[in-house]
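# I need the structure of the sequence given here:
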Amino acid sequence: VFDNYHEIPPESSFHEVFKSGLAGISPDIHVIILSRTTPPQAFAGLFANKVIRIIGPKKLTLSLEESRELIQIETGEKLPPDVMKHVYEKTRGWAAGLVLMGSSVEKGNIHSFPAEEFIPESIFGYFASELFDKMNENFKDFLLKTAFLPRMTVSIARRLTGMNDASKILSFLNSNHLFTGTFPAPVREYEYHPLFREFLKSRAENRFHQEEVRLLKQKSAILLKEAGHFEDAVELFSESEDYENLITVVLDQATQLVSQGRHKTLEQWILKIPEEIVQKEPWLLYWLGVSCLHLIASDARKYLEKALKLFKLQDDITGLCLAWASIIESITFEWNDFTELDPWLDWFDKHILPSLTFPSAEIEVRVSLSRLSGLIIRRPNHPDLPLLLEETLTKSREIGNVALYMQTVSWALTYYAWIGDFAKTDVMRARS
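Alright, predicted model coming up:
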């Protein structure tokens, strides 16, 4: 076994000497060469004649099942599935990492296995002795400053560190398999192995002052935000306590998150902001209400009612309309005490109906749809209802919002069925 072959310079004459030595070895002897880099040009003939074969990093990476078996050997028993999932996500099938994590547990004591955020000291020691401590100061500085980036392009790394050789450093780390990988993207992006990144973050927090670490996280978040990596940016804005930028991301991305059905993500983002800030910002309260509207409607309504009051104080007609519409939706979605609709229908007649000018066609449809559902349930004989229904159907179709149109059709079918106008229900089915 020949280890650390990558330490021999590419231009060294040793490669030719070594190749000649390999040619004289008996066929029944196998030679294993361990290297972080691709074989030197001198070995090309050996590959052509199939004397040498490469076992690359992908083949050396263990599967989830193989990782589970290796951990079982080290710990003496099987890990619970959720713990094993975490371990595999952290190690990504890296055999040495699995051994080090497994060996940190006392034999037969599965309950002492590392908690979610725990990384055994032995792994940090491995990274320090085998990799980090052998690097020059320029590389160390680069690694520590980029430690808080879950992913990075060369441009992001250069702007964060101020190092013009960022491209060479990342290329070297990747090509030498120094726990730095790449993945497809419009622009090539690099990422550190999860365990290596945890090691680097720990080293950075020990080396830099607390304010330096905060500023590094903040700058990293700003760069990630500019690159469109909003989830990563949110985490770092939260850690650096940059709530101004965090709120900007939340409000900019809220509509898209909801349209994608990612209500839970939106809720988690808002909950990273201190409650005293959220309680004073109506749009945060509004989106917090929307995020949990279809999960816990009663909680959503509390947030929405508080948001509506603040919107009223600020004369924010957009917020006022959307908050009112969502309050109605929360009551109808809950499908429980429909008498709660009455004061809100009256509120609409008093505060919105007199100055019925909507900020946009979509907001008009949302408000009309909510009013429509409320009137159908509580006031099916209301004189405005037939015209309101037809106008909402027409306008929801015109704005091209399929979800709003289908909701309107659903309420129209309900209304016509309730009043016994089955001819209209047949027309509605045909139209939709």
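# where in the stretch 1-150 of the chain is pLDDT low?
Of all residues in the stretch 1-150 of the chain, those with pLDDT under 70 make up the ranges 105-118.
# Excluding chain neighbours, what is closest to the residue most central in space within the chain?
Against the mean C-alpha coordinate of the chain, by CA atoms, centre = their mean, the closest residue is E231 at 4.5 Å. Nearest residue to E231 in three dimensions, chain neighbours excluded: T265, at 7.4 Å (CB to CB, 6 or more residues apart in numbering). (Each C-beta comes from the backbone N, C-alpha and C, glycine too.)
# helix, strand or coil for that neighbour?
Local secondary structure at T265 is given as helix here, using DSSP: H, G, I helix; E, B strand; the rest coil.
# what about the residue of the chain positioned farthest from its centre, distance to D252?
Among the C-alpha atoms of the chain, the one most distant from their mean position (CA atoms, centre = their mean) is that of G24, at 54.8 Å. When distances are taken as CB to CB, to the nearest Å, G24 and D252 turn out to be 67 Å apart.
# And for S355, the neighbour number?
Taking other CB atoms under 10 Å as the neighbour definition, S355 ends up with a count of 7.
# What distance do you get for it to L310?
Going from S355 to L310 by CB to CB gives 19 Å.
# do the same with Q256
In this structure, Q256 lies at 24 Å from L310, with CB to CB as the measure.
# What distance do you get for A42 to I317?
In this structure, A42 lies at 76 Å from I317, with CB to CB as the measure.
# What of P9?
If you measure P9 against I317 using CB to CB, the figure is 71 Å.
# Neighbour count: these two, which is higher?
Neighbour count, other CB under 10 Å: between P9 and I317, I317 has more, with 16 against 10.
# Q256 and L310 - which one has more neighbours?
Taking other CB under 10 Å, Q256 and L310 do not tie; L310 has more neighbours (20 against 11).
# Please, which helix or strand holds that one?
L310 is located in helix 297-313, with elements delineated by DSSP states H and E.
# buried residues in that helix?
Of all the residues in helix 297-313, those buried under the rule 16 or more other CB atoms under 10 Å are A297, A300, R301, Y303, L304, E305, K306, A307, L308, L310, F311, K312.
# Ok, stretch 349-364 next?
Within stretch 349-364, judged by 16+ other CB under 10 Å, the buried ones are I352, F358, E362, E364.
# what is the rounded mean pLDDT of that stretch?
Regarding stretch 349-364, the rounded mean pLDDT is 87.
# Name the residues that touch stretch 330-350?
The list of residues contacting stretch 330-350 from outside it, by CB atoms under 8 Å, 6 or more residues apart in numbering, reads 289, 293-294, 297-298, 300-301, 304, 324, 327-328, 371, 373-375, 377-379.
# mind running it again at 10 Å?
Stretch 330-350 is contacted from outside by 289-290, 292-294, 296-305, 308, 321, 324-328, 353, 356, 367, 370-371, 373-379, 382, 384, 411, using CB atoms under 10 Å, 6 or more residues apart in numbering.
# Could you work out the end-to-end span of that stretch for me?
Terminal residues of stretch 330-350 lie 21 Å apart, using CA to CA, to the nearest Å.
# What residues sit buried inside it?
Of the residues in stretch 330-350, those buried under the neighbour-count criterion (16+ other CB under 10 Å) are S330, I331, T332, E334, E340, L341, W344, L345, F348.
# Can you pick out the most distant pair from these?
Farthest-apart pair in those is E334 and F348; separation 18.7 Å (CB to CB).
# For the residue nearest to P282 when sequence neighbours are not counted, give me the pLDDT.
Across the structure, with CB to CB, 6+ apart as the measure, the residue nearest P282 apart from its sequence neighbours is L310 (3.7 Å). At L310 the predicted local distance difference test score is 98.
# distance of the closest residue to E398 other than its chain neighbours from E239?
The shortest distance from E398 to any residue other than its chain neighbours is 7.3 Å, reached at A361 (CB to CB, 6+ apart). According to CB to CB, A361 and E239 sit 40 Å apart.
# Quick check: Q256 is in a strand.
No. Note on Q256: no strand contains this position according to three-state DSSP, which reports helix.
# Cheers, nothing more for now.
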